[in-house]
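Asker: Here's a sequence, model it:
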Amino acid sequence: PGTPDCEAAASALASRLANDRDLRNALNPQELAKTLNALSKWPDTPDCADAANALASRLANERSLRNALDPQG
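Answerer: The predicted model follows:
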């Protein structure tokens with residue numbers, strides 16, 4: 001996460017994710033959790049924050065998605 005190339009790639013992917021509802025909705029629970037974790041590496045990057053907020057909104061609104069998440073053990 002500490003390199004400009006990684007940040008630029010993450011930002012580009014996050015922008016697409018933030019702007020594409022179908023892409024967000026295609027993520028299964030594990031993919032969504034991993035994506036949120038990855039986006040958390042760049043909290044000050046606007047595109048990453050926007051994508052994380054969009055995913056968090058989906059998580060908040062979909063009980064079945066929340067229930068499908070497995071705790072790490």
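Asker: Tell me, how many residues neighbour A54?
Answerer: Using other CB atoms under 10 Å, the number of residues around A54 comes to 19. Quick note: C-beta positions are derived from backbone N, CA and C, even for glycine.
Asker: In space, what's closest to it - neighbours in sequence excluded?
Answerer: Using CB to CB, 6 or more residues apart in numbering and skipping residues adjacent in sequence, the residue nearest A54 is A18, 5.2 Å away.
Asker: got the contact list for the one you found?
Answerer: Residues near A18 by CB atoms under 8 Å, 6 or more residues apart in numbering: 47, 50-51, 53-54.
Asker: again, only using 10 Å
Answerer: With contacts taken as CB atoms under 10 Å, 6 or more residues apart in numbering, A18 has the following neighbours: 24, 39, 46-55.
Asker: ditto for E31
Answerer: Neighbouring residues of E31 by CB under 10 Å, 6+ apart: there are none.
Asker: I figured A10 was touching D44, is that so?
Answerer: No. With contact defined as CB atoms under 10 Å, A10 and D44 do not form a contacting pair (11.7 Å).
Asker: hmm, back to that, which PyMOL command selects the buried ones in the contacts of A18?
Answerer: Those of those that count as buried under 16 or more other CB atoms under 10 Å are selected in PyMOL with:
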select buried, resi 24+39+47+48+49+50+51+52+54+55
